[in-house]
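J.: could you work out the structure for the sequence below:
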Amino acid sequence: MRRLTEYASRHISTLSENITGTIGTQWTSLTGNRVPLPPDTAPLCEICAALDLHAILRNGIPTKERVSLGQLVDILAKGAPKSDHGAPACGLCKLIALMFIDSWRLDKECAHVDISAAEVFLNASPCASFHGETQPPEKKPYRLYFTFNDKPTEIYLVQVEKSSRLLPNLQLLEEDAWRFGRKTDFHGRRIGETLDPALVKEWISTCEKFHGENCSRAWWKSDADKDKPKIPRSTRMVDVVDMKLVHASQDCRYVALSYLWGDVEISYRTVTANYQDRFELPPTISDSILLVRSIGERYLWVDSLCIIQDDYADKGEQIGEMHNIYGSSLLTICGAGADSARAPMPGIRPGTRPNAQVIEVVQGLHLAIPLGDLRGTILGSAWESRGWTYQERVLSMRRLYITPTQAFFNCMTDIWCEDSINERNSFPGKSASYPDKYTSLPGRPSFPSNNVSSKIDYYYYYRFMDAVASYSRRRLTFETDIVNAFMAVLTMFTEGFASIYPDPISEFRPFQFGLPMCVIEPTILWLPQGSSPLTRRTGVKDVHTPSWSWLGWRGGHTAVGERPEPGPISFDDVQGFIAGKPGCAQSLVQEWVLVDEDNVLRKLKMLKEYKFSTTHTRAEEALFVRYKGLPQAEEFPPLLDVLSDLQKANPEQSSKVLVPGTLIFRTSSLRLQVAKVAPEAQTVPYTSKFFALFSITTQSKDGQVIVGKTLLPVDTPSGTEFDFIVLSRASGDYTACLPEHERPDGRRYFGYLLNVMVIHEAAGDGQKYTIDIGGRRYTPVERVSIGVVFERRWVEAAAALSNSAGTTGIAATERLVFLQ
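T.: This is a model prediction of the structure:
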């Protein structure tokens with residue numbers, strides 16, 4: 001078996017060097033004709049010389065008629081500057097080799113993978129088309145695509161993780177379009193040493209002219225917002241002509257900047273003492289000023305300059321308006337090519353951007369490897385990993401990404417870049433498809449508030465939780481920013497709730513502690529994403545981080561002085577546990593009370609009561625053992641009244657337990673054991689280095705019985721006991737973790753699962769606090785995880801507890817929960 005490592009030391013490290021050697025003077029086409037070559041044409045191997053690239057790029061090669069180019073390991077060898085036989089490198093093999101090394105990451109994570117079976121094939125297909133328009137083949141722009149067989153699975157998994165280009169291809173440069181009687185549209189473009197301001201102006205102008213309201217009005221705003229000022233009166237701007245801070249008109253045209261401050265001392269930031277001073281700016285900001293000036297715009301918004309950093313009132317007001325500031329900008333410049341404000345913006349000034357384009361003249365045609373697409377380029381950047389940049393990206397209507405290799409323009413309609421001519425396809429009545437158009441970044445919440453149908457969209461909160469999941473995987477320099485860096489998204493969704501649900505949904509702010517309180521039943525069901533361990537986030541100044549919220553957790557184990565690792569959570573598709581999103585099919589908690597962010601007790605008003613409607617007949621329902629929640633206790637006064645009276649009667653005791661972020665409710669509770677599920681016993685494997693799938697078990701007269709499943713830290717010992725509390729009836733597909741043979745009587749019926757939370761006593765500040773109500777003492781608890789249980793086995797386990805306690809019914813498991 002020949003492995004890549006045999007070739008890596010001899011060939012891969014030299015592929016990026018200049019090719020030297022004798023240039024051939026003619027080539028033989030597939031038809032046998034001898035055609036003179038331009039003097040700068042690269043030499044070709046026997047296989048590549050037999051290709052008629054002129055005919056291929058004129059008429060194409062269908063995928064089913066693809067042409068074999070041989071084994072990938074041989075192409076890697078022939079593409080190196082000096083082959084084993086001493087012949088000059090093949091120009092086409094060089095391009096193919098470089099593409100596969102980059103796409104398959106053969107010089108990085110996959111250098112050890114056996115690729116000896118991989119065979120490469122060539123086909124040529126149109127790289128763009130206008131919807132609803134038919135063009136003759138000779139008028140279509142073609143690219144050369146390189147397919148393969150026997151790609152190792154390990155390589156595919158790395159490609160997906162790194163968002164690498166899955167299908168390597170070569171594009172014909174614009175200077176050769178005339179050879180085929182075609183326009184230069186959708187052909188490759190040479191990249192200069194610096195970004196051409198005229199091109200940026202063309203991108204903006206084309207978007208403004210042809211994309212209409214889709215790209216001009218913030219995507220979360222309703223029709224009622226049309227006549228409102230774009231930005232608050234207090235907003236400042238950098239005047240890039242006069243080079244001073246000015247108070248902007250509320251409807252001014254301006255550019256915003258999204259960048260990384262970095263770990264350096266930010267002596268350039270605006271504070272009260274230097275408000276009127278001029279001072280030296282770091283390269284990222286000074287380059288942004290140059291760019292804004294070069295495209296004919298006058299105003300630039302930069303957070304470190306336009307917010308008075310030591311004026312907490314001003315800072316709070318501006319942070320509260322971030323959704324409008326970024327959403328109303330003409331363009332947001334995203335500094336994705338630097339990890340600090342001290343680094344230059346690549347391509348704005350000479351000498352700041354190396355030419356990464358690889359171009360070869362093959363058979364007289366200029367062929368180029370397309371540079372990395374938007375998704376792969378940005379997802380691998382430090383800029384995309386930081387917390388603040390999430391809201392800056394998703395709330396901006398137009399973004400100009402400045403990366404180490406090229407610039408990308410991404411609006412709500414199109415994606416354009418320097419190395420491909422795609423921007424000239426926008427005009428009324430036509431919509432074009434081309435490769436780069438479908439490489440947009442994940443994470444922008446779907447938020448169709450302009451759509452009338454959204455008025456009855458009960459899954460609105462799912463959109464918010466998707467945004468939370470994306471944000472939670474990012475890093476913050478200061479944990480105190482955990483809310484502020486997401487504030488624009490919270491504000492935007494708050495306005496959206498008011499737009500979609502105009503009736504008052506709460507007597508207080510609808511979003512508290514990072515979650516929408518009016519739909520707490522489903523949103524509290526978030527799960528660990530599994531790519532990082534989670535540890536409790538506590539002791540953050542001025543930020544309350546309860547365990548039941550995603551705010552309460554950080555990823556990794558952070559040492560003093562280190563940046564917090566991302567704390568990824570998921571609200572969708574945890575393979576091996578749930579397919580799709582977790583949900584609530586029936587409300588089973590009668591009353592939720594919250595100690596809000598202002599330290600005020602509030603009864604939560606739910607946006608929707610989830611009522612259970614069975615799909616079964618009466619005869620079928622008679623066979624099921626249904627959990628119906630705690631019985632109504634008429635003698636039990638409203639929970640809010642009880643807690644309010646307690647606060648007045650014993651303020652010192654209650655202040656230790658009723659802290660901001662405490663959720664109080666009555667539900668059913670059982671103490672059960674957990675047992676780790678062996679990988680071979682899993683129907684669909686759950687894979688994580690940090691968490692594992694556990695069965696929730698109890699003892700019966702017939703032995704150990706599986707009650708349900710949960711996810712817990714991987715080092716949790718089997719046999720550990722936890723308290724479990726019922727939250728709601730579950731909706732969602734849990735068949736992956738609950739195989740048929742584990743279900744009671746093998747039966748799966750509608751609504752047969754309950755959502756439960758795994759809890760333990762709250763750690764707090766290291767002291768144990770309790771609260772006395774009606775002669776019973778209660779201890780605050782914290783969330784450990786979320787799980788699901790079979791309702792029948794929960795009811796049976798509760799009945800067994802009732803019998804042993806000499807009581808009757810599910811009331812024996814009743815618990816008043818103080819969840820911190």
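J.: in the stretch 151-300 of the chain, where is pLDDT below threshold?
T.: By pLDDT under 70, the low-scoring segments of the stretch 151-300 of the chain are 219-220, 222-227, 263-265, 278-279.
J.: do a quick rundown of the helices in the stretch 151-300 of the chain.
T.: 153-162, 197-210, 213-216, 283-294 (DSSP state H, counting those that start in this stretch).
J.: buried residues of stretch 761-773, list them for me.
T.: 762, 769, 771 (16 or more other C-beta atoms under 10 Å). Any C-beta I mention is one placed from the backbone N, CA and C, and that applies to glycine too.
J.: same deal with stretch 665-676?
T.: Neighbour-count burial for stretch 665-676, counted by 16+ other C-beta under 10 Å, picks out 665-670, 672-676.
J.: ok, those vs residue 55, which is closest?
T.: Residue 55 lies nearest to residue 676 out of those, by C-beta to C-beta, at 61.6 Å.
J.: that closest one against residue 696, yeah?
T.: No: using C-beta atoms under 8 Å, residue 676 and residue 696 do not qualify as a contacting pair, with a distance of 11.6 Å.
J.: hmm, which two among the buried residues of stretch 665-676 are most spread apart?
T.: Within the buried residues of stretch 665-676, 666 and 676 form the most distant pair, 31.7 Å apart (C-beta to C-beta).
J.: list the contacts for residue 291?
T.: Neighbouring residues of residue 291 by C-beta atoms under 8 Å, 6 or more residues apart in numbering: 195, 197, 200, 333, 345, 348.
J.: spatially nearest residue to the last one (excluding sequence neighbours)?
T.: Distances taken as C-beta to C-beta, 6 or more residues apart in numbering put residue 287 closest to residue 348, at 4.1 Å, once the chain neighbours are dropped.
J.: do the third one as well
T.: Excluding its sequence neighbours, the residue lying closest to residue 200 (C-beta to C-beta, 6+ apart) is residue 295, at 5.1 Å.
J.: list the residues that contact that neighbour.
T.: Neighbours of residue 295 in contact, by C-beta under 8 Å, 6+ apart: 197, 200-201, 204.
J.: what's around residue 414, how many residues?
T.: Residue 414 sits with 23 neighbouring residues when counted by other C-beta atoms under 10 Å.
J.: could you give the number of residues near residue 340?
T.: Residue 340, neighbours per other C-beta under 10 Å, totals 16.
J.: roughly how far does it sit from residue 255?
T.: Noted for residue 340: a distance of 21 Å to residue 255, by C-beta to C-beta, to the nearest Å.
J.: swap in residue 723?
T.: For residue 723, the distance to residue 255 - C-beta to C-beta - is 54 Å.
J.: do residue 64 as well
T.: Distance from residue 64 to residue 255, by C-beta to C-beta: 49 Å.
J.: of the two, who's got more company?
T.: Shown here are residue 64 and residue 255; by other C-beta under 10 Å, residue 255 has more neighbours (26 against 6).
J.: pLDDT on the helix or strand containing residue 754, on average?
T.: Using DSSP states H and E, residue 754 sits in strand 753-761. Mean pLDDT, strand 753-761: 95.
J.: and if you look at stretch 383-398?
T.: 92.
J.: which parts of the stretch 51-200 of the chain are strands?
T.: Remark: strands assigned in the stretch 51-200 of the chain by DSSP state E, counting those that start in this stretch are 67-71, 119-126, 129-130, 142-149, 169-172.
J.: reformat the ones you listed as CSV; add distance to residue 110 and mean neighbour count.
T.: Output for those, formatted as CSV (distance: least, C-beta to C-beta, whole Å; neighbours: other C-beta atoms under 10 Å):
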stretch, distance to residue 110, mean neighbour count
strand 67-71, 17, 16
strand 119-126, 16, 19
strand 129-130, 33, 16
strand 142-149, 14, 20
strand 169-172, 20, 23
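J.: and those strands, which one is worst for confidence?
T.: Among those, strand 129-130 scores lowest, at a mean of 71.
J.: count of residues packed around the residue nearest to residue 340 when sequence neighbours are not counted?
T.: Closest residue in space to residue 340, ignoring its immediate chain neighbours: residue 262 at 2.8 Å, by C-beta to C-beta, 6+ apart. Neighbours of residue 262 under the rule other C-beta under 10 Å: 17.
J.: any idea how far residue 262 lies from residue 277?
T.: Distance of residue 262 to residue 277, computed by C-beta to C-beta: 22 Å.
J.: can you give me the strands for the stretch 201-350 of the chain?
T.: Remark: strands assigned in the stretch 201-350 of the chain by DSSP E, counting those that start in this stretch are 236-239, 244-247, 255-258, 299-301, 331-334.
J.: just name the shakiest helix or strand of this structure by mean pLDDT.
T.: Every helix and strand in the chain was compared by mean pLDDT, DSSP states H and E; the lowest is strand 26-28, with a mean of 35.
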